[in-house]
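> Okay, sequence plus prediction incoming.
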Amino acid sequence: MITTTVLLPLLYFGITNAVVVLLGYVFIKYKMVWQSWVLLIVSILIVDLIFLHANPILRMLAIIATTFTAMKVIAVAQNYKSKKLTLRFNQWLVFAGGWAGMRAEPFENLGHAPLTNAWAMIWFGLGRVIAGGVFILLGRQIVLLPLGPKPAYLLTTAFLLVGLSLILHFGLLSISAGTWRLKGVNTYYLFKQPARAMSITEFWGKRWNMAFSEMTSITIFRPLRNKIGPAAALMVAFGFSGLLHELALSVPVNSGYGLPMIYFIIQGAMVLLEKVLTNGGAAFLKHPFTARLWTLFWVIAPMPLLFHPQFIRQIVWPMVGLHV
């Protein structure tokens, strides 16, 4: 039974996000970029206070949802800063509440004829949701095997993370993209075969989580690139990603602070190192096998920093009904 201790925070959460969306369109219309940043900070603080003593999973979901909504205000305000606003209010509402990407322009065609590949994306997503469910079921079985505590923990965690990623990243977001294409909106895969990335730059820039890539590119990298140089702007963009992941992965469990930030600083540093190696003609970055090995190693090896133990214990395992 849902009690008032849950309903009231959800009500306040809904009001806060409604204010962000409504006020956000005013900020976009009048090209108020720095005010949009203030709105982000204030809205996250309010939502964190609302869910301060709530279940970590609920607190995490509330922070993520509010962060994405407020970041859309900044991204759209920044994107339309130097051109006429052609995004109508109803299109903004649908974009803000119904799509995870950060580019609002495709929603200017909302209601047009259906686009190609829509059903293929929906079926792709449904397949990944089923595959993710299978991974989670396997993870729940692995924990019962007599493997010893540490191997069982590591193996189960790996299966759960893969399963949850398949369901959300490759499943639900692909279904969402296909559904909007049926409405004439040129949405796209936000996760594009990441295992095929031939470089760390390609992985983060073109294949993994386009919503985050668009967000940091539009709001951080592009505005700073000509002011502090591309290398420094890139490191600030990765640092900003680290900060947002601190909000999503460390704040809800009140532990692991700094670890997600270190993970993204490593990623930014490796992108810069990779550019040096590429310009120097490093042979291993030209061969498909070694280039993919290089990429996957640097993305996966530091991953325990990103998904730190308390995040696994208080959020990942409980999400599927398990306890460490």
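Great, that's in hand. In this text the structure is predicted, and so the values were computed from the model without any measurement.

> in the stretch 51-200 of the chain, which spans are helices?
56-79, 89-98, 118-142, 149-165, 173-182, 200-202 (DSSP state H, counting those that start in this stretch).

> Neighbours of residue 284, how many?
11 (other CB atoms under 10 Å). All C-beta atoms are positioned from the backbone trio N, CA, C, and that covers glycine.

> Skipping adjacent residues, who's closest to it in space?
residue 290 (4.1 Å; CB to CB, 6 or more residues apart in numbering).

> Kindly report the same for residue 47.
Per CB to CB, 6+ apart, closest to residue 47 is residue 66, 4.5 Å.

> what residues are up against the one you found?
13, 16-17, 20, 43-44, 47 (CB atoms under 8 Å, 6 or more residues apart in numbering).

> and the end-to-end length of stretch 98-116?
Its first and final residues considered, stretch 98-116 spans 20 Å by CA to CA, to the nearest Å.

> Check the gap between the closest residue to residue 166 other than its chain neighbours and residue 124 for me.
Excluding its sequence neighbours, the residue lying closest to residue 166 (CB to CB, 6+ apart) is residue 132, at 3.2 Å. Per CB to CB, to the nearest Å, residue 132 is found 13 Å from residue 124.

> shared neighbours of these two, anything?
What both residue 132 and residue 124 touch, as defined by CB under 8 Å, 6+ apart, is the set residue 170.

> What residues does residue 79 make contact with?
103-105, 218.

> Please tell me how far the residue nearest the centre of the chain sits from residue 190.
For the chain, residue 212 is the residue whose C-alpha lies nearest the centre (CA atoms, centre = their mean; 5.2 Å). Counting by CB to CB, the gap from residue 212 to residue 190 is 9 Å.

> same deal with residue 320?
Counting by CB to CB, the gap from residue 320 to residue 190 is 23 Å.

> And for residue 165?
12 Å.

> More neighbours: those two, which one.
Between residue 165 and residue 190, counted using other CB under 10 Å, residue 190 has the larger neighbour count: 23 against 16.

> Would you mark the buried spots in the host helix or strand of residue 47?
Here residue 47, judged by DSSP states H and E, is contained in helix 33-50. Buried residues in helix 33-50, counted by 16 or more other CB atoms under 10 Å: 35-37, 39-40, 43-44, 46-48, 50.

> Just the closest of those to residue 256, please.
Closest to residue 256 out of the buried residues of helix 33-50 is residue 48 (16.0 Å), distances taken as CB to CB.

> what sits against the closest one?
Counted by CB under 8 Å, 6+ apart, residue 48 has contacts 59, 63, 251.

> Poorly predicted segments of the protein, please.
1-3 (pLDDT under 70).

> looking at it, which residue ends up farthest from its center?
Outermost in the chain, CA atoms, centre = their mean: residue 146 at 35.3 Å.

> so how far is residue 152 from it?
8 Å.

> check contacts around residue 188.
Counted by CB under 8 Å, 6+ apart, residue 188 has contacts 101, 177, 210.

> what does residue 20 give?
Counting by CB under 8 Å, 6+ apart, residue 20 has contacts 39, 43, 66, 69-70, 73.

> switch to 10 Å and redo it
By CB atoms under 10 Å, 6 or more residues apart in numbering, the residues touching residue 20 are 27, 36, 39-40, 42-44, 46-47, 66, 69-70, 72-73, 96.

> host element of it?
Assigned by DSSP H and E, residue 20 falls in helix 4-29.

> picking that back up, could you pick out the buried ones from the contacts of residue 48?
Buried, going by 16+ other CB under 10 Å: 59, 63, 251, out of the contacts of residue 48.

> So for the second one, what's the nearest residue that isn't a sequence neighbour?
The reference is to residue 63. Nearest to residue 63 is residue 247, by CB to CB, 6+ apart, at 5.4 Å.

> Test my guess that that neighbour contacts residue 65.
No: if you go by CB atoms under 10 Å, residue 247 and residue 65 don't touch, sitting 11.6 Å apart.

> out of the two, which sits in the busier spot?
Neighbours per residue, other CB under 10 Å: of residue 247 and residue 65, the larger number sits with residue 247, 17 against 14.

> how near is that one to residue 240?
Taken as CB to CB, the span from residue 247 to residue 240 is 11 Å.

> Remind me what the helix or strand encompassing residue 226 packs against, helices and strands.
Here residue 226, judged by DSSP H and E, is contained in helix 222-228. The contact analysis (3 or more CB pairs under 10 Å, 6 or more residues apart in numbering; DSSP states H and E) places helix 222-228 against helix 56-79, helix 230-245.
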